[in-house]
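Novice: Test case, fold it:
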Amino acid sequence: MSEMTKCQSCGMVIESGTYCSYCVDAQGNLQSFEERFERMVQWAARREPSLTREAAERRTREYMRTLPAWRDHPKLKT
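Specialist: As a prediction, this is how the structure comes out:
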């Protein structure tokens, strides 16, 4: 069995590569920050329906700051 790694964009466990299939477009390129941010906010809201939009955005920003693909993104600077 091959060693598992994590997607550098969302942290999901993947078998190989840099990004998972959810984080790339049809050509295999990393989605834009805006698209990935919105999808991750929506995921957080589905996972925890009691979260306000503001809380989901805050948690998503905090999490994205820990990921290699986004940690230096200008929109995540504090």
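Novice: alpha carbons only for contacts and neighbour counts from here, please
Specialist: Will do.
Novice: all helices of this protein, in order?
Specialist: Applying DSSP state H to the chain gives helices spanning 33-47, 53-64.
Novice: and those as JSON lines, adding mean pLDDT, mean neighbour count and distance to K77?
Specialist: Below are the helices of the chain laid out as JSON lines (pLDDT from 0 to 100; neighbours: other Cα atoms under 10 Å; distance: least, Cα to Cα, whole Å):
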{"stretch": "helix 33-47", "mean pLDDT": "97", "mean neighbour count": "16", "distance to K77": "13"}
{"stretch": "helix 53-64", "mean pLDDT": "97", "mean neighbour count": "17", "distance to K77": "9"}
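Novice: I'd like those laid out as CSV, including distance to I14.
Specialist: Conversion of these to CSV gives the following (distance: least, Cα to Cα, whole Å):
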stretch, distance to I14
helix 33-47, 17
helix 53-64, 17
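Novice: can you count the residues close to L76?
Specialist: Residues within reach of L76, counting by other Cα atoms under 10 Å, total 12.
Novice: Could you do V13 as well?
Specialist: V13 sits with 13 neighbouring residues when counted by other Cα under 10 Å.
Novice: Same check on L30?
Specialist: Using other Cα under 10 Å, L30 has 19 neighbouring residues.
Novice: Now do the contacts for it.
Specialist: Counting by Cα atoms under 8 Å, 6 or more residues apart in numbering, L30 touches Y19, C23, V24.
Novice: try G28
Specialist: G28 makes contact with S21, according to Cα under 8 Å, 6+ apart.
Novice: hang on, the earlier thing: if any of the contacts of L30 are buried, put those into a PyMOL selection.
Specialist: Remark: buried members of the contacts of L30, expressed as a PyMOL selection using 16 or more other Cα atoms under 10 Å:
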select buried, resi 19+23
